[in-house]
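Visitor: Below are the sequence and a predicted model; questions follow.
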Amino acid sequence: MSRWAFEQAAGRAARLLGAARTKDLAGLLARGRSLEHALLDLPQPHLDEALRAVYAAAEDQAVPLREAAAYLRGYVAGWSDERSTEDVRTVWSGPATPGVPVRSTAQVLVELVNGADRELLAMTYAARPYRPLTDALTAAVARGVDVHVVVETRQGAAGLLGGPEPAAAFTGVPGLRLWHWAPEARGGTGARQHAKLAVADRRTLLVGSANLTESGVRRNIEAGVLVTGGPAPERAAEHIRELQRRKKLVRLDSSAGVQGRTGRRGHGG
C-alpha cells in the first residue's frame, strides 16, 4: 500500500527540523507521544505546520507511530550518507575563456531554482527583473516550493542603491515571500544586507559576488561557488531561518518597501 503522503510529509519535516531534531521527533513518535506533546517539545512556530502534517498523514494512511519513528530514523541515516559527499565548483558571470570549462552564474542560478522541490531561500543586495529567474521562481511557487527572498531596501542602503526598490523585482511572483534586515536589528548606521546566495532544499548552495540582476548573473565579471551536498547548504539555510525566527530578518511590507521610486544612481549591479 502506497504511503506517499506520509513519506512526503516526513521528508519535508526532516529537512526543516535538521538531523538532530528529526531524531528527537522520532523518539517522541516511538514513545507514542501525541502531536500536542511534540509541539511542546519542539517549540518553534515555523515548524508547527510540518509537525501537524506528519501526524495527520500517519493517521490518514494508518502508519503506526513506531513505524513512523523508524521511517524518520532511516531517512536521517540515508540523508546523512548522501550529504557526506560534497561537490564544490566555481561559477562565473561575464566573458567565457575558450579551453577553460566554467559554468555561468545565470545558468546555474536558474537550474538551482528549477531543481528545488521543497524550499528555496535567496539573499541579494540589489535586484532587477530578470525574466529567466522570474519565470523559474514563478514555476517553483506553483509547484509548492516555499520561496523566501531577502533583499536590501533603499532606506537600508542609505543612498547607495538607485532606481526602484530591489523588492520590486519580485512583486510579479505570487506567493513569494519577501524579507529584509530589520532597521532596529542592525548594529548601527552603515550596516547593510550585502549577502548574495541561493540555497535549494538545504542540499545545493550558490554563493558569490553576483546580485540577482541580469548584470550580476550575466554581464559583469562575478565569481561564486556552487556547493552540492555536505553541511554548507544546510547550515546556510538554518542560519537564514534562525535570523527570521529571531526577527533579525522581517517580512517586507510592500506598501513601505516596494515602490518604484528613482533616486540618485548607486551600486545596483
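Guide: Structure received.
Visitor: Now do the contacts for Ala116.
Guide: Contacts for Ala116 (Cβ atoms under 8 Å, 6 or more residues apart in numbering) come out as Ala140, Val145, Val147, Ala200, Asp201. For the C-beta atoms, the positions are set from N, CA and C on the backbone; glycine is no exception.
Visitor: same question, Ala38
Guide: Ala38 sits in contact with Leu25, Leu28, Leu29, Leu51, Tyr55, where contact means Cβ under 8 Å, 6+ apart.
Visitor: and those, which of them are in strands?
Guide: Among those, DSSP state E puts none in strands.
Visitor: Looking at these, which is nearest Pro64?
Guide: Closest approach between the contacts of Ala38 and Pro64, by Cβ to Cβ: Leu29, at 9.1 Å.
Visitor: Leaving out chain neighbours, which residue sits closest to the closest one?
Guide: Distance criterion Cβ to Cβ, 6 or more residues apart in numbering; nearest residue to Leu29, sequence neighbours excluded, is Ala69 at 3.8 Å.
Visitor: And the average pLDDT for the host helix or strand of the one you found is what?
Guide: Assigned by DSSP states H and E, Ala69 falls within helix 65-83. Mean pLDDT, helix 65-83: 82.
Visitor: List the buried residues for stretch 171-183?
Guide: Neighbour counts using 16 or more other Cβ atoms under 10 Å place Val173, Leu176, Arg177, Leu178, Trp179, His180, Trp181 of stretch 171-183 among the buried residues.
Visitor: what would those look like in CSV with distance to Asp41 and pLDDT?
Guide: What follows is the buried residues of stretch 171-183, written out as CSV (distance: Cβ to Cβ, whole Å; pLDDT from 0 to 100):
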residue, distance to Asp41, pLDDT
Val173, 36, 96
Leu176, 32, 97
Arg177, 27, 96
Leu178, 32, 97
Trp179, 28, 97
His180, 32, 97
Trp181, 31, 95
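Visitor: Now intersect these with the strands, please.
Guide: Arg177, Leu178, Trp179, His180, Trp181.
Visitor: would TSV of the residues you listed with distance to Ala116 be doable?
Guide: Shown next, in TSV, are those (distance: Cβ to Cβ, whole Å):
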residue	distance to Ala116
Arg177	14
Leu178	17
Trp179	17
His180	22
Trp181	23
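Visitor: any idea which of the residues you listed is closest to Arg131?
Guide: Out of those, the member with the shortest distance to Arg131 (by Cβ to Cβ) is Leu178, at 18.7 Å.
Visitor: returning to that earlier point: go through the buried residues of stretch 171-183 and name the one nearest Leu47.
Guide: Looking across those and measuring by Cβ to Cβ, the closest to Leu47 is Arg177, at 16.4 Å.
Visitor: ok, now which ones touch the closest residue to that closest one other than its chain neighbours?
Guide: Distance criterion Cβ to Cβ, 6+ apart; nearest residue to Arg177, sequence neighbours excluded, is His148 at 4.8 Å. Contact analysis of His148 by Cβ under 8 Å, 6+ apart lists Leu120, Leu121, Ala122, Leu176, Arg177, Leu178, Trp179, Ile240, Gln244.
Visitor: what are the ranges of the helices in the stretch 151-269 of the chain?
Guide: Taking DSSP state H, counting those that start in this stretch, the helices of the stretch 151-269 of the chain run over residues 154-157, 214, 232-245, 254-257.
Visitor: Give me the distance between the two termini of stretch 94-103.
Guide: With Cα to Cα, to the nearest Å applied, stretch 94-103 spans 11 Å between its terminal residues.
Visitor: Contacts made by that stretch with the rest, please.
Guide: Arg89, Thr90, Val91, Trp92, Ser104, Arg218, Arg219, Asn220, Ile221, Glu222, Leu226.
Visitor: May I ask which two of these are separated the most?
Guide: Arg89 and Arg219 (21.2 Å).
Visitor: Which ones among the contacts of Ala116 map onto strands?
Guide: Val147, Ala200.
Visitor: Closest one to Pro132 out of the contacts of Ala38, please.
Guide: Leu51 (36.0 Å).
Visitor: Could you tell me the model confidence score at the closest residue to that closest one other than its chain neighbours?
Guide: Computed as Cβ to Cβ, 6+ apart, the closest residue to Leu51 that is not its neighbour in sequence is Ala38, at 5.4 Å. pLDDT, Ala38: 91.
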